[in-house]
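Q: mind looking at a prediction? Sequence and model below.
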Amino acid sequence: MRSHLPVTGDLLVILRQVPHGSSWLREGLDAALVAAAFGQSVTLLFQSDGVLALARGQQSGPLGQKGTAATLDMLEMYDIESLHFDLEALERFGLTQQDLLLPAAGVDASSIPQLIAGHRLVLTF
Amino acid sequence: MRYGLLVEGAPYSSQASHSALRFAAALIAKGHRLESVFFYHDGVYNAARLVAPPQDEPHLYDAWCSLNAEHGTRLQVCIAAALRRGLLDAREADRHGKAGHSVESPFELTGLGQLIDLGRAVDRLVTFAP
């Protein structure tokens, strides 16, 4: 599934980091959840290494971190359903749409400026 | 214009705090207003009151405090990101049974909702990350 642009909203959160190894992704998702709880319409873009956050079958325990898969499951409850990923990044990791744990739409690198332009506020993690 | 800054880098570990302070000085010099600096992720370490850098390096903590004293810029720190990194004000230290506190005025522990509010209130929110 590809994104049908233009996608607009109050806040675009760009997630560029892997789900384990640092707290970037978790703290980025926290910002998205809080914004949604404040009534903002939130769009997520998983870009670069961030697409790995969407990979199915992640565990938490071994690294002593909570991971982010559980948080991603909560997105729908917060009405965050506008999920996008960088098509080229997904391909680079040898993943396909079937490997993703949530329904998300692919965007070309050339469409990302349009996605950014469609939001009043952009937070990058 | 009204500006807000989001700082996500720890002081002295990355360029983020240095750049944010220089940007703050530049925008104020141009006649703009800096409403607030929000510290998130490792940026919360900027609020550590006990930092003691060598004398020949810029004192980032004092520079933030000056921004507040001279221009009324609020210094807001994400409480969730701060607590898990050992940054507690007197109230939180008491609540968690800790002997000392590491954050004090003019820095204020606050929720992430304040970052969202800031983003809505200002004309530009500029992020400084490592």
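A: That came through, no problem.
Q: measure stretch A:102-118 end to end?
A: 23 Å (Cα to Cα, to the nearest Å).
Q: do the same with stretch B:19-38
A: So stretch B:19-38: terminal residues 14 Å apart, Cα to Cα.
Q: the helix or strand that contains B:V77 - what's its average pLDDT?
A: Using DSSP states H and E, B:V77 sits in strand B:74-78. On average, the pLDDT along strand B:74-78 is 98.
Q: list the buried ones in the next helix or strand after it?
A: Downstream of strand B:74-78, the next assigned helix or strand under DSSP H and E is helix B:79-83. By neighbour count on 16 or more other Cβ atoms under 10 Å in any protein chain shown, the buried set for helix B:79-83 is B:I79, B:A81, B:A82, B:L83. Bear in mind the C-beta positions are built from the backbone N, C-alpha and C, glycine included.
Q: and A:E91, helix, strand or coil?
A: helix (DSSP: H, G, I helix; E, B strand; the rest coil).
Q: coming back round to it: if we only consider the buried residues of helix B:79-83, which is nearest to A:A117?
A: The nearest member of these to A:A117, counting by Cβ to Cβ, is B:A81 at 28.9 Å.
Q: that closest one reaches B:H41, doesn't it?
A: Yes - here B:A81 reaches B:H41: they are 6.1 Å apart, a contact under Cβ atoms under 8 Å.
Q: mutual contacts of those two, please.
A: A:E27 (Cβ atoms under 8 Å, 6 or more residues apart in numbering or on different chains).
Q: show me what the longest helix anywhere in chain B is packed against.
A: Criterion DSSP state H: the longest helix present in chain B is helix B:16-29. When contacts are defined as 3 or more Cβ pairs under 8 Å, 6 or more residues apart in numbering or on different chains; DSSP states H and E, helix B:16-29 packs onto strand B:2-7, strand B:33-39, helix B:60-71, strand B:124-128.
Q: tabulate these (CSV), appending mean neighbour count.
A: Putting those into CSV (neighbours: other Cβ atoms under 10 Å in any protein chain shown) gives the following:
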stretch, mean neighbour count
strand B:2-7, 24
strand B:33-39, 23
helix B:60-71, 16
strand B:124-128, 18
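Q: distance to chain A added to those, as JSON lines?
A: Listed next are the helices and strands packed on helix B:16-29 as JSON lines, based on distance: least, Cβ to the nearest Cβ, whole Å:
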{"stretch": "strand B:2-7", "distance to chain A": "7"}
{"stretch": "strand B:33-39", "distance to chain A": "10"}
{"stretch": "helix B:60-71", "distance to chain A": "21"}
{"stretch": "strand B:124-128", "distance to chain A": "6"}
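Q: present the ones you listed as CSV; the columns should include mean pLDDT.
A: Formatted as CSV, the helices and strands packed on helix B:16-29 follow (pLDDT from 0 to 100):
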stretch, mean pLDDT
strand B:2-7, 98
strand B:33-39, 98
helix B:60-71, 98
strand B:124-128, 97
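Q: burial measure for the nearest residue to A:Y78 once chain neighbours are set aside, as a count.
A: Leaving aside its chain neighbours, A:Y78 sits nearest to A:A36 (4.0 Å; criterion: Cβ to Cβ, 6 or more residues apart in numbering or on different chains). By other Cβ atoms under 10 Å in any protein chain shown, the residues close to A:A36 number 21.
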